[in-house]
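Enquirer: sequence and computational prediction follow.
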Amino acid sequence: MADAISELNSFHLDVLREIGNIGAGNAATALAKLLDKKIDMRVPQIRIMKFSEVSDVLGGAETPVVGILLQIHGDISGSMMFILDYPSSRLLVNILMGKPVESDLDYDELTCSALKEIGNILAGSYLSALSNMTNLKLMPDVPALAIDMAGAILSVPAIEFGKNSDTVLYIENVFTDGRDSVIGDLFLIPDDLSYGKLLEALGVG
Amino acid sequence: MAELIKVGMAELKVARHPAILTTLGLGSCIGIALYDSRTKNIGLVHIMLPSSSIATAGMNRAKFADTGIQDLVQEMVRIGSDIRNIVAKIAGGAQMFAFATQNETMKIGQRNAEASRAVLASLNIPLVAEDTGGNYGRTIELSSEDGTLKVKTIGFGIKYL
């Protein structure tokens, strides 16, 4: 098998962009409801990069970020990861909890479960977009959360991509309420066997 | 002041004294640090996966423990080291996310550490220190001065190996 990602053509990328668009639209609506605010989104960007460049996204490899990882079951299996930069995660928590988070690493259990819930909603928005486009049944598991160096969090999706490719593909999202912006990167990581199935279901296999 | 050289994910680099090789934000990946006390040559590779048996033609060899370490040793020899003088230290191999149901994918850090140890043993390179496992990221710095490996974390302090 040749490099799975470099084999994607512009048509594949258009399809992924479309999933990103619909997913982000759903996510913006869900966020707006959750936060009781008007939320807009910018057109999501599909990014493909080499491993050596991966750690430079989200402000550098040592920058603390919040990662939310969900296992996916159903017609295809794999995982999905949402990464929020630190200011974005704090902003979301502040709005949601109605109180400021005191210090940088003082994320207590309640804050973490609020973040997990946000991750759940965002990932669920993408999964339902993907599910609608492919007619595949996709179910997310309970999310897991980690707050640590960007490089360390990103190593999780990077390793999964690494099995078939020398590059990583992800969807970059920007949500904004007009004043503040929330930046989040979404990694969709189908398991080895699910990759072909997914492209096939999208009609591009 | 020694030059600070960055080694990215799935990259390897060697350097002559004086130098510091660093790799930032190791998660489930492993940083394998080699030091030759005779020449003070140093080498560092940032591997992501245990074995190149899943590799396809033209893939980056530094991504895998087996080919990555082999190539790193060759580079050390190329800049004047004798393999008999090389010792190794490793760090990383964390499990960043905890799930109720454990599957193989989640144990990749542990498998990377096991593979790195096995490859070093097969090359007769002594593993003199390691800081692996846990659920947190690490930044490492390898100094050519005395082969010290500095391991930095967020919230778990700094260690010197």
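Expert: Cool, the structure landed. Residues are numbered from 1 along each chain as shown, chains lettered A, B, ... in the order given.

Enquirer: show me where the chain has its helices.
Expert: By default, I'm working from chain A. Assigned by DSSP state H, the helices in chain A fall at A:10-35, A:51-54, A:86-97, A:109-134, A:150-162, A:192-201.

Enquirer: wrong one, I was asking about chain B
Expert: Going by DSSP H, chain B shows helices at B:65-78, B:108-122.

Enquirer: how close does B:Cys23 get to chain A?
Expert: Careful, residue B:23 is Thr and not Cys. 8 Å (CB to the nearest CB, to the nearest Å). C-beta: built from backbone N, CA, C; applies to glycine.

Enquirer: residues of chain A that sit close to chain B?
Expert: A:1-3, A:51-55, A:60-62, A:64, A:67, A:69, A:71, A:79, A:105, A:141-142, A:144-146, A:148-156, A:158-160, A:162-163, A:166 (CB under 8 Å from any CB of the partner chain).

Enquirer: ok, of those residues, which come out buried?
Expert: Burial by neighbour count, 16 or more other CB atoms under 10 Å in any protein chain shown: within the residues of chain A next to chain B this picks out A:51-52, A:54-55, A:61-62, A:64, A:67, A:69, A:71, A:79, A:141, A:144-146, A:148-156, A:158-160, A:162-163, A:166.

Enquirer: ranking the helices of chain A by burial, who's on top?
Expert: Among the helices of chain A, ranked by average contacts under mean count of other CB atoms under 10 Å in any protein chain shown, first place goes to helix A:150-162 (a mean of 27).

Enquirer: so that helix versus helix B:108-122, what angle?
Expert: 80 degrees (axes from the mean of the first three to the mean of the last three CA atoms, to 10 degrees).

Enquirer: show the average pLDDT along helix A:150-162.
Expert: Mean pLDDT, computed over helix A:150-162, is 89.

Enquirer: tell me where chain B has strands.
Expert: Per DSSP state E, chain B carries strands over the ranges B:3-6, B:12-15, B:19-26, B:30-36, B:41-47, B:86-92, B:127-132, B:138-143, B:149-152, B:158-160.

Enquirer: A:Glu200 is nearest to which of the ones you listed?
Expert: strand B:41-47 (32.5 Å; CB to CB).

Enquirer: show me what that closest one is packed up against.
Expert: strand B:12-15, strand B:19-26, strand B:30-36, helix B:65-78, strand B:138-143 (3 or more CB pairs under 8 Å, 6 or more residues apart in numbering or on different chains; DSSP states H and E).

Enquirer: closest to A:Phe175 out of those?
Expert: Once the helices and strands packed on strand B:41-47 are compared by CB to CB, strand B:19-26 is nearest, at 25.1 Å.

Enquirer: got the buried residues for that closest one?
Expert: For strand B:19-26, burial by neighbour count (16+ other CB under 10 Å) applies to B:Ala19, B:Ile20, B:Leu21, B:Thr22, B:Thr23, B:Leu24, B:Gly25, B:Leu26.

Enquirer: which two in those residues are spaced the farthest apart?
Expert: Longest span within these, CB to CB: B:Ala19 and B:Gly25, 20.5 Å.

Enquirer: for chain B, give me the ranges with low pLDDT.
Expert: B:1, B:57, B:100-106 (pLDDT under 70).

Enquirer: and the residue of it closest to chain A?
Expert: B:Gly25 (1.9 Å; CB to the nearest CB).

Enquirer: isn't that residue right next to A:Val54, touching?
Expert: No. Contact criterion CB atoms under 8 Å: B:Gly25 and A:Val54 do not qualify, at 9.5 Å.

Enquirer: what residues do those two have in common as contacts?
Expert: Common neighbours of B:Gly25 and A:Val54, counting by CB atoms under 8 Å, 6 or more residues apart in numbering or on different chains, are A:Gly151, A:Leu154.

Enquirer: spell out which parts of chain B neighbour chain A.
Expert: Neighbours of chain A within chain B, by CB under 8 Å from any CB: B:8-11, B:24-29, B:48-49, B:54, B:56-60, B:63, B:94, B:96-101, B:105, B:108, B:135-139, B:154-155.

Enquirer: closest point of chain A to chain B, which residue?
Expert: Nearest to chain B, among the residues of chain A, is A:Gly151, at 1.9 Å (CB to the nearest CB).

Enquirer: which residue is the nearest non-sequential neighbour of that residue?
Expert: For A:Gly151, the nearest residue in space outside its immediate sequence neighbours is B:Gly25; the separation is 1.9 Å by CB to CB, 6 or more residues apart in numbering or on different chains.

Enquirer: so of the helices and strands packed on strand B:41-47, which one's packed in deepest?
Expert: Highest mean neighbour count among those (mean count of other CB under 10 Å): strand B:30-36, a mean of 28.
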